[in-house]
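**Student:** predicted coordinates and the sequence they were generated for:
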Amino acid sequence: MVNSNAPRYSYLSHLLITIGVLLLSIFIFNALSEMIALKLFHFKPSDIEITHGKRFELSEVYALQLSQFALGLSFLVTVFISIKVFRKDFWQFTTLQTAVPLGSLLLAIILYVAFVPANNWIILANDALQLPSDLEKSLREMEQKSDVIYQALLSYNSGYHLMVNLLVMTVIPAVSEELLFRGVFLRIFKSWTNNIHLAVIFTSLLFAALHFQPYKLAPMFLLSALFCYIFYLSGSIWIPILLHGVNNALVVIAESLASGTDTGSVLRDEFAFPLWSVLLSLVITGTLFALFWKFSRSKLELAFE
């Protein structure tokens with residue numbers, strides 16, 4: 001019997017359609033944010049000088065927040081349009097309607113916390129990576145621009161500014177990025193390769209690459225992989241959304257708390273966990289992941305049919 005709900009497009013076409021919609025959505029929403037900022041602040045976000053050590057005006061921060069908000073909306077629109085093109089139900093396809101398994105949620109939280117020391121070491125190792133001078137110069141400039149924008153967004157980070165930052169830098173990215181990368185791209189790659197591990201690798205490479213932070217590529221890849229497996233094993237997109245949100249919120253809140261102290265910015269701190277804790281983190285993370293994999297009863301069927 002022929003499945004009447006079978007997709008009309010090959011999985012490569014699914015991928016190309018989603019990427020095409022994503023690029024078009026980013027272009028449209030970026031243009032809208034530029035127009036709105038020009039109307040409100042008399043300059044566009046793209047006109048803002050992004051230099052290290054600059055003191056950003058409040059209006060410039062608002063414009064950058066508007067740009068980040070527009071990017072998140074472009075991701076959400078991409079998810080919605082792509083799923084409609086695939087002729088699937090939005091809520092079922094993304095698993096937003098699926099109840100959160102409490103056991104999986106608890107294990108996922110413990111797994112995330114256990115991974116923190118190892119991920120911290122990976123962040124420092126990635127940042128210390130030595131590359132050919134010309135390539136390293138270009139990549140460092142890209143990384144620095146991204147860091148300066150992040151610091152600019154957090155330069156006003158108390159009171160209602162903190163609430164806005166939590167919305168723009170935590171809630172919207174957590175929801176939009178998880179729906180796009182775990183909810184759509186992971187499903188496409190799994191259906192295409194018929195291998196969850198390859199799907200996780202491809203999804204996480206795309207996730208890390210689209211953040212344009214080359215000296216955070218490895219930790220972003222691994223964190224994405226962790227979220228992919230948690231989604232696959234739990235069957236609920238809400239768990240990676242929660243962990244993604246917590247991951248971002250910790251930085252925003254810590255930066256807010258540090259702004260009124262002598263410690264300065266947590267973004268410039270280079271705290272390193274002791275080696276024994278990193279090794280213990282790897283052992284615990286690996287053990288918990290193996291247990292999660294073995295006893296999970298909610299492994300998600302990611303194929304389109």
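**Tutor:** All right, it came through fine.

**Student:** rest of the way, CA atoms for contacts and neighbours
**Tutor:** Fine.

**Student:** so what's the residue count around the residue nearest to I48 when sequence neighbours are not counted?
**Tutor:** Using CA to CA, 6 or more residues apart in numbering and skipping residues adjacent in sequence, the residue nearest I48 is E60, 7.0 Å away. Residues near E60, counting by other CA atoms under 10 Å, number 21.

**Student:** surely E60 meets P45?
**Tutor:** Yes: shown here, E60 and P45 form a contact pair, counting by CA atoms under 8 Å, at 7.3 Å.

**Student:** and the lengthiest helix in the chain, what's buried?
**Tutor:** If each helix of the chain is counted by residues according to DSSP state H, the longest one is helix 11-41. The neighbour-count check on helix 11-41 (16 or more other CA atoms under 10 Å) flags 11, 14-15, 17-18, 21-22, 25-26, 29-30, 33-37 as buried.

**Student:** picking that back up, quick one: distance of the helix or strand hosting the residue nearest to I48 to the chain centre.
**Tutor:** According to DSSP states H and E, E60 maps onto helix 58-85. Remark: helix 58-85 is offset 13 Å from the chain centroid, using CA atoms, centre = their mean, to the nearest Å.

**Student:** likewise stretch 205-220?
**Tutor:** What separates the centre of stretch 205-220 from the centre of its chain is 9 Å, taken as CA atoms, centre = their mean.

**Student:** that stretch spans what distance, first to last residue?
**Tutor:** End-to-end distance for stretch 205-220: 9 Å, by CA to CA, to the nearest Å.

**Student:** pLDDT weak spots in this protein?
**Tutor:** By pLDDT under 70, the low-scoring segments of the chain are 1-9, 259-271, 298, 302-305.

**Student:** pick out the residue nearest the middle of it.
**Tutor:** For the chain, E177 is the residue whose C-alpha lies nearest the centre (CA atoms, centre = their mean; 5.1 Å).

**Student:** for that one, what are its contacts?
**Tutor:** G72, F75 (CA atoms under 8 Å, 6 or more residues apart in numbering).

**Student:** and it, what element?
**Tutor:** Judged by DSSP H and E, E177 forms part of helix 172-177.

**Student:** next SSE after that helix?
**Tutor:** Note on helix 172-177: by DSSP H and E, the next helix or strand toward the C-terminus is helix 186-193.

**Student:** helices and strands around that following helix, which ones?
**Tutor:** The contact analysis (3 or more CA pairs under 8 Å, 6 or more residues apart in numbering; DSSP states H and E) places helix 186-193 against helix 11-41, helix 196-209.

**Student:** change it to 6 Å
**Tutor:** helix 196-209 (3 or more CA pairs under 6 Å, 6 or more residues apart in numbering; DSSP states H and E).

**Student:** which residues are contacting the next helix or strand after the helix it packs on?
**Tutor:** Heading C-terminal from helix 196-209, the first helix or strand you meet, by DSSP H and E, is helix 217-234. Applying CA atoms under 6 Å, 6 or more residues apart in numbering, the set of residues contacting helix 217-234 from outside is 104, 122-123, 182, 200, 204-205, 208, 237, 240, 296, 298-300.

**Student:** contacting residues around F273?
**Tutor:** Going by CA under 6 Å, 6+ apart, F273 touches P117.

**Student:** which SS state does it fall under?
**Tutor:** Classification of F273 by DSSP: H, G, I helix; E, B strand; the rest coil places it in coil.

**Student:** quick one: it from I123, how far?
**Tutor:** On the measure of CA to CA, F273 and I123 end up 11 Å apart.

**Student:** got it, and W192?
**Tutor:** Distance from W192 to I123, by CA to CA: 31 Å.

**Student:** ok, L300 touching S236?
**Tutor:** No: between L300 and S236 there is no contact under CA atoms under 6 Å: 8.3 Å.

**Student:** who's more crowded, these two?
**Tutor:** S236 (25 against 16).
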